[in-house]
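Enquirer: Fold the following, please.
(one chain, ligands or ions: 1)
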Amino acid sequence: METKKVQAEDEESLPTSTTPLLLNNINTSSSQNKPTLLLNLITCMSLITAITFSLLFFSLSPPSTTTATARHLNKLHHPTVILISSDGFRFGYQHKTSTPNIHRLITNGTEALTGLIPVFPTLTFPNHYSIVTGLYPPHHGIINNFFFDPVTGEKFTMASHESKWWLGQPLWQTVVNSGKIAATYFWPGSEVKKGSWTCDDVKYCKHYNGSVSFEDRVDTVLDYFDLDLDDIPVFMTLYFEDPDHQGHQVGPDDDEVTQAVARIDGIIGRLIHGLEKRGVFEDVSIIMVGDHGMVGTCDQKLIFLDDLASWVEIKSNWVHSYSPLLAIWPPSDSNYSLTDVVAKMNEGLSSGKVENGNKLKVFLKEDLPKRLHYAESDRIPPIIGLVHEGYKVEQSRTGKKECGGAHGYDNEFFSMRTIFIGHGPQFERGKKIPSFENVEIYNLITSILNIKGAPNNGSDSFPQSVLLPKA
Ligand SMILES: [Zn+2]
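Expert: Take a look at the predicted model:
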């Protein structure tokens, strides 16, 4: 497969501008009041402090030694990876409040200094499945959280577990193919039967149930380490819905999100302490990521499709998703060609007569910027709109007042970035690496596990740029 990089929207818990936006985007919720501003200021200062210290560390550290090698396993028989996702954990949240456990992993491990870059669209299902397949959404098939099969008209939802939707080879299947054991404690796609991965044994393949406490999830993974050494899965996933849930409700700068981040840190602490108790913490590779970030949205940042009626009438049944990913599929018997629809929409949007019209631009999918990797699938509707950060598209005015948070935007926005932390025998302590796209993680994990991976969009050289060489 051609080596290229890509990514959709949601409320379940499932979009980056570049450097100059680093500080702006920490504080984008519009529901700001004085305490929030103060909190934001502290967040900013923490982030500046963290980055300053990191840079100081670089400048004071001797040049990276080329002799460092991976640390030996003390107890486990095989390299073992626990892949953790904290949904909607926007890059920078780790500095919102005291997060001693996450910082223990950062200090003694390797961190993406300016965060992990999600695929477009920056939605939960497309991103989680890119992380475990190394594929951009058009290649792994999960192009949005909801979409239609263009041939049969069937609808994919986040509860669809038929293998026809889920393309590519996820890590759990790769691990089983190599004759080793994998275990999933929730992850989009993990319940799908694919080849050697049958998900028959609920001991190793948990069926999604959001009411299971985070503590129970961690404890179950810890229990695996009480099995005979050769029965311990070499690859495990853990998924937590927070802080995405709170981010949608109240926006990224609210105290509820801070509390959720503190709780996730406590859960990471529970995992660390459980592994330490079993004498395997330093043997296990812990990879902590999020699927995407979060940005504040409010109703004054709206674009209404009905406002375009003088140029072209966009019927609601043409719209497969509104916001932040605008996806439009006009019926073949409409009076307009796809090219006409795009031209007329953009004419209206740029006329100066449509409220916030300059905050949205629509494209034929094949004309989207190539960096988005969002064209090569029949499942992707033919017309895609890119909306400015924090804006939302709706059909018509409802007068409803809402302030909250969203993701799904262009993955170039910094607010859509999330975290990457790697801790374990092959991760150098205190190492900082540049931001990278999450399609690289598949090869990173197969490299740690020493197993052969399936072809994917990650680069072959990435693992060696991050990992310590084996001794
Ligand atoms: Zn979400």
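
Enquirer: Run through the strands of the stretch 101-250 of the chain in chain order.
Expert: Counting by DSSP state E, counting those that start in this stretch, the stretch 101-250 of the chain has these strands, from start to end: 110-112, 116-117, 147-148, 155-156, 182-185, 235-240.

Enquirer: Is the ion within reach of the last one?
Expert: Spelled out, that is strand 235-240. No: for a cut-off given as Cβ under 5 Å from the ion, strand 235-240 has no contacts with the ion; the smallest distance is 12.6 Å. Bear in mind the C-beta positions are built from the backbone N, C-alpha and C, glycine included.

Enquirer: quick one: buried residues of that strand?
Expert: Within strand 235-240, the residues scored as buried using 16 or more other Cβ atoms under 10 Å are 235-240.

Enquirer: Give me the contacts around it.
Expert: 80-87, 128, 132, 171-172, 175, 180-187, 190, 214, 217-218, 221, 224, 264, 267, 271, 445, 449 (Cβ atoms under 8 Å, 6 or more residues apart in numbering).

Enquirer: so of the residues you listed, which ones are in helices?
Expert: 128, 132, 171-172, 175, 214, 217-218, 221, 224, 264, 267, 271, 445, 449 (DSSP state H).

Enquirer: mind listing what the nearest residue to Glu402 once chain neighbours are set aside touches?
Expert: Of all residues not flanking Glu402 in the chain, Asp299 sits nearest, at 5.6 Å (Cβ to Cβ, 6 or more residues apart in numbering). Taking Cβ under 8 Å, 6+ apart, we find Asp299 in contact with 400-403.

Enquirer: burial count for the residue in the stretch 101-250 of the chain that the ion sits nearest to?
Expert: Proximity to the ion, evaluated over the stretch 101-250 of the chain using Cβ to the ion, is greatest for Asp244 at 4.2 Å. By other Cβ atoms under 10 Å, the residues close to Asp244 number 30.

Enquirer: element containing Ile286, please.
Expert: strand 284-289 (DSSP states H and E).

Enquirer: Following element in sequence after that strand, please.
Expert: strand 295-298.

Enquirer: tell me which strands and helices the helix or strand just after that following strand is in contact with?
Expert: Moving toward the C-terminus from strand 295-298, the next helix or strand (DSSP H and E) is strand 302-304. Strand 302-304 is packed against strand 392-394, with contacts defined by 3 or more Cβ pairs under 8 Å, 6 or more residues apart in numbering; DSSP states H and E.

Enquirer: What strands line up against the strand it packs on, and which way round?
Expert: strand 302-304 (parallel) (DSSP bridges).

Enquirer: what mean pLDDT would you report for the partner strand?
Expert: Mean per-residue pLDDT for strand 302-304: 96.

Enquirer: spatially speaking, which residue is in the middle of the chain?
Expert: Asp291 (1.5 Å; Cα atoms, centre = their mean).

Enquirer: Quick one: closest of the strands of the stretch 101-250 of the chain to Glu437.
Expert: Nearest of the strands of the stretch 101-250 of the chain to Glu437, taken as Cβ to Cβ: strand 116-117 at 4.6 Å.

Enquirer: Determine the set of other helices and strands touching the closest one.
Expert: Short answer (3+ Cβ pairs under 8 Å, 6+ apart): strand 116-117 packs on strand 436-437.

Enquirer: Name the surrounding residues that touch the strand it packs on.
Expert: Outside strand 436-437, the residues that touch it by Cβ under 8 Å, 6+ apart are 5, 112, 116-119, 420, 462.

Enquirer: try it again with 7 Å
Expert: With Cβ atoms under 7 Å, 6 or more residues apart in numbering as the contact definition, strand 436-437 has outside contacts at 5, 112, 116-117, 119.

Enquirer: Now do the strand holding Ile286 and strand 235-240, the angle between them.
Expert: 40 degrees (axes from the mean of the first three to the mean of the last three Cα atoms, to 10 degrees).

Enquirer: Sheet-wise, list the partners of strand 284-289 with their directions.
Expert: By DSSP bridges, strand 284-289 pairs with strand 80-86 (parallel), strand 420-423 (antiparallel).

Enquirer: pull the CA atoms of that strand into PDB?
Expert: Extracted in PDB, the C-alpha atoms of strand 284-289 (Å, rounded to 0.1, in the frame of the first residue of the first chain):
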ATOM      1  CA  VAL A 284       5.700  -3.500  30.500                       C
ATOM      2  CA  SER A 285       5.500  -1.000  27.700                       C
ATOM      3  CA  ILE A 286       2.700   1.500  28.500                       C
ATOM      4  CA  ILE A 287       1.600   3.600  25.600                       C
ATOM      5  CA  MET A 288      -0.900   6.300  26.600                       C
ATOM      6  CA  VAL A 289      -2.700   8.200  23.800                       C
END
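
Enquirer: how far does that strand sit from the chain's center?
Expert: 15 Å (Cα atoms, centre = their mean, to the nearest Å).

Enquirer: what distance separates stretch 359-372 from the centre of its chain?
Expert: Counting by Cα atoms, centre = their mean, stretch 359-372 comes out at 21 Å from the chain centroid.

Enquirer: What residues of that stretch count as buried?
Expert: 359-363, 365, 368, 372.

Enquirer: Export it to CSV, keeping only CA atoms.
Expert: This file holds the C-alpha atoms of stretch 359-372, laid out as CSV (Å, rounded to 0.1, in the frame of the first residue of the first chain):
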residue,chain,number,x,y,z
LYS,A,359,-15.7,30.3,8.0
LEU,A,360,-16.7,27.4,5.7
LYS,A,361,-15.4,26.2,2.4
VAL,A,362,-16.7,23.2,0.5
PHE,A,363,-14.8,20.9,-1.7
LEU,A,364,-15.3,18.0,-4.0
LYS,A,365,-13.6,15.3,-1.9
GLU,A,366,-10.9,14.8,-4.5
ASP,A,367,-10.0,18.5,-4.3
LEU,A,368,-9.5,18.5,-0.5
PRO,A,369,-5.9,19.2,0.6
LYS,A,370,-3.9,15.9,0.1
ARG,A,371,-2.6,16.1,3.6
LEU,A,372,-6.1,15.2,4.9
